[in-house]
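Let's see this in three dimensions:
(2 chains)
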Amino acid sequence: MNTELIGIIVTFLLTLLVAIPLGKYISKVFKGERTITDFMNPFERFIFRICSIDPNKEMNWKEHLVALLSINMIWFVYAFVILITQGSLFLNPDGNPSQTPDLAFNTAISFLVNCNLQHYSGESGATYLSQLAVLAFLQFVSAATGIAAVLVLFRALVNKTTTQLGNFFVFFTKTVTRVLLPICIIIALLLSFNGTPASFDGKDSIVTLQGDSVQVSRGPAAGFIAIKHLGTNGGGWFGANSSHPLENPNYFTNMVEMIAQVIIPIALVFALGFFINRRKLAYTIFGVMTLGMLTLMIPTVISEVQGNPAIAQLGVEQATGTMEGKEVRLGPTASAYWSIVTTIISTGSVNSMHDSSTPMAGMMQLLGMMTNCFYGGKGVGLLNYFIFLIIAVFISGLMVGRTPEFLGKKIEAREMKIASLIALLHPFLVLAGTALSSYFVAHHPDIDWAVKPANWLNNPGNHGFSEMLYEYTSASANNGSGFEGLGDNNIFWNVTTGIVMILGRFLPIIGPVAIAGLLAGKKFIPESAGTLKTDTATFGIMTYAVIMIIAALAFFPALTLGPIAEYFNLY
Amino acid sequence: MKKYLLPGLKLTIVMIILCAVLYPLLIAGVSKLAPGQGKGETISVNGKVVGYANIGQKFTDDKYFWGRPSAVDYNAAGSAGSNKGPSNADYLQVVKDRIDSFLVHNPGVKKEQIPAEMVTASGSGLDPDISPASAKIQTKRIASIRNIDELKLLNLIDQHTESPLAGMLGPSKINVLKLNIALDDLK
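Predicted structure coming up:
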């Protein structure tokens, strides 16, 4: 077997090796059991005291959401203000300018919602101050917000009737102190000892061996890149993200970054099993998610390794696969693996340019974001999955003529309404956005805007359509990767994707948390012969089918105009 | 909502101090022990810095081994790929032109021997590496210009080939800058 293929298999196995114990650890932390990080206790108590937070005060689901939304609002204002003034603030050794209001609007939302769509390049569009105090800060707190939200679900699924679902601020703070910071320190040091810069020095100027004068952008990147992956954020320190040789110096760091981005999403699935003491349910969910991942991963790897047929026609040798937009030290196989991992779990960091992927790979990347729940983003992936699970319970209940129940709680009209609305929101945001932008490209290409719609696209035909479809899919899924050829730093794209991102973040948090809160308040019905079992392979396949059918029904027409049409043009 | 704003504000300040001040300072401090002291590892020739170990450079001179095409012309002030789609006709024309130009500069090389990476742009525009095959098809050109035995060049390539991680994970590669520095030293 070739070394590139072994590389990705070993990466996946190592991921599981880390994720399972991590899941157990996360469960213990939030159950209040003893863990090795208990030395943080006094420090956390100190934080709660100076912030006037009573850690013992439990909240119901509505209070959770109000607390979550309030603190997010503070972060948005703070981020926006720093970004539009960064040019005249300190820690700006390269003298980069402030962001325009529309770009700052987009960037602030993008990092607030754990999306990290970037309509700027880190080297020229941000300062060290904004990279650290705004962007990296938001990478930490947005990830912790997602986990705090999914913990409400954990608490709600423990079998008893209650409205008391823990304290948002405690979940949030402990996620940072017990999970994100300690692991980030390890990852950041692994990166910096492999060549990623970590100092505060600005750009360097050098004369190359051949005698050209060039500059080299640097900065305290290692810590940023650690949380960018661990928090499934994905925003790059440098413009080229993790294909940049300082952001991802070698194959080892590539493995570290690939593992870092997916361990917490997987660990949370296992944590759920430990937390509510239903391990078999967790294994079933993990099985469905892994099946989903493989469904997207295998065609992507095959297609990328085979190479681009148009390049093959030109007569050159594609020994390892497609190389446009790829790096030699990483290779097409690991790039294909990364492109699926990053799209299913909403990281959105890239180690190759997705815009240059083969049509099959591009479609699978899109589908990863369209389903958005195979492992899924920090906390929200499991919340999305929960929505599909509720729908699957309801449909199977109807099919076999049983009352739809999940873990001893009846699923009724109100929960189903919320679940259906949330399941439809994502396609609505993606398709409405793409339709709007396509309308301008097709009918008003020369409208009098700073960047004319005729100049938005970097590629003609179906691939150009894919660039727009990808942008809205990425925004709505809070993914943040892009077909980066799209000319997106202008008012139209900054504002529309900003709105899509914010709706695509908070509604899919509010919906499942509301369902969880409603279920928690219901009477517990003990399991009987008439209960539909939700931890069996049959039910797992059912959930998988529901996810795929909803994605296919919603997105197939759009995919036909983009990657599918391009596929048939090319092959 | 009001009762959560003040605790939220205070918690925000605490988190900024923790995640955006203490954390990066800790990483920067410990990284002073890393190669290049966390500023990026540089390579010097005769005491003069000629480049960063991990950042690719532009080599267009026939006497040097070439690296890959770059969408940012190897100026590491920025970084980007071409973002050209696989079916884009203009893009395919660019690749075709690169193939023709490669053949002109490398007499004796056949089209089907050219690895695709030598005519396609990298993701970052700063790719420091090429594969061993890409180095080997350039030896004829360099041997005739520098008047060196081609075998010596092939040896040099073997010496500079970095094998996969732990011998079995990922691709083999060659750092073009290091290879060219060694090439200049070759007598």
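
Where does pLDDT dip in chain A?
Along chain A, segments meeting pLDDT under 70 span A:1, A:159.

Geometric centre of it: which residue is closest?
A:Ser346 (1.8 Å; CA atoms, centre = their mean).

Enumerate every residue touching that one.
A:114-115, A:232, A:234, A:369, A:372, A:376-378, A:380-381, A:477-480 (CB atoms under 8 Å, 6 or more residues apart in numbering or on different chains). Any C-beta I mention is one placed from the backbone N, CA and C, and that applies to glycine too.

Show me which residues of the top helix by length along chain B are buried.
Ranked by number of residues, the top helix in chain B under DSSP state H is helix B:89-105. Along helix B:89-105, these residues count as buried under the neighbour rule (16 or more other CB atoms under 10 Å in any protein chain shown): B:Tyr91, B:Leu92, B:Val94, B:Val95, B:Lys96, B:Arg98, B:Ile99, B:Phe102.

just stretch B:132-149 next, same as before
B:132-139, B:141-143, B:146, B:148.

ok, and which of these reach chain A?
Counting by CB under 8 Å from any CB of the partner chain, B:Ala133 from those sit close to chain A.

rewinding a little: packing partners for the longest helix of chain B?
If you count contacts as 3 or more CB pairs under 8 Å, 6 or more residues apart in numbering or on different chains; DSSP states H and E, helix B:89-105 packs onto helix A:309-313.

close to chain B, is the helix it packs on?
Yes - remark: helix A:309-313 sits within contact range of chain B at A:Ala310, A:Ile311, by CB under 8 Å from any CB.

That helix: how far from the chain's middle?
From the chain centre to the centre of helix A:309-313 is a distance of 33 Å (CA atoms, centre = their mean, to the nearest Å).

Can you name the residues in contact with that helix?
Contacts of helix A:309-313 (CB under 8 Å, 6+ apart): A:Gln318, A:Thr322, A:Glu324, A:Leu570, A:Tyr571, B:Pro86, B:Ser87, B:Leu92, B:Val95, B:Ala116, B:Thr120.

Reformat those residues as CSV; add secondary structure and distance to A:Phe137.
Converted to CSV, the contacts of helix A:309-313 look like this (DSSP: H, G, I helix; E, B strand; the rest coil; distance: CB to CB, whole Å):
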residue, secondary structure, distance to A:Phe137
A:Gln318, coil, 43
A:Thr322, coil, 37
A:Glu324, coil, 35
A:Leu570, helix, 43
A:Tyr571, coil, 46
B:Pro86, coil, 38
B:Ser87, coil, 41
B:Leu92, helix, 44
B:Val95, helix, 42
B:Ala116, helix, 41
B:Thr120, coil, 38
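
Would you write a ChimeraX line that selects the buried entries of the residues you listed?
To isolate the buried ones among the contacts of helix A:309-313 in ChimeraX, judged by 16+ other CB under 10 Å, type:
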select /A:318,322,324,570 /B:86,87,92,95,116,120
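
farthest-separated two in the contacts of helix A:309-313?
Spatial extent of the contacts of helix A:309-313 (CB to CB) is set by the pair A:Tyr571 and B:Thr120 at 19.0 Å.

Need the per-residue pLDDT for the residue nearest the centre of chain B.
By CA atoms, centre = their mean, chain B has its centre lying nearest to B:Pro128, at 1.5 Å. With respect to pLDDT, B:Pro128 scores 97.

Surely it touches B:Ile174?
No - B:Pro128 lies out of contact with B:Ile174 (CB atoms under 8 Å); the separation is 9.4 Å.

nearest residue to whichever residue of the stretch 151-300 of chain A sits closest to chain B other than its sequence neighbours?
In the stretch 151-300 of chain A, the residue that lies nearest chain B is A:Ser243 (3.2 Å; CB to the nearest CB). Spatial nearest neighbour of A:Ser243, chain neighbours left out: B:Gly123 (3.2 Å); criterion: CB to CB, 6 or more residues apart in numbering or on different chains.

Repeat that for A:Phe193.
Of all residues not flanking A:Phe193 in the chain, B:Ala34 sits nearest, at 4.6 Å (CB to CB, 6+ apart).

what's the answer for A:Lys452, then?
When the adjacent residues along the chain are set aside, A:Lys452 lies closest to A:Asp446, with 5.6 Å between them (CB to CB, 6+ apart).

again, but for A:Tyr375
Excluding the flanking residues, the one nearest A:Tyr375 by CB to CB, 6+ apart is A:Pro265, at 4.0 Å.

so what's that neighbour up against?
Going by CB under 8 Å, 6+ apart, A:Pro265 touches A:Thr232, A:Ile345, A:Tyr375, A:Gly376, A:Gly377, A:Lys378, A:Gly381, A:Leu382.
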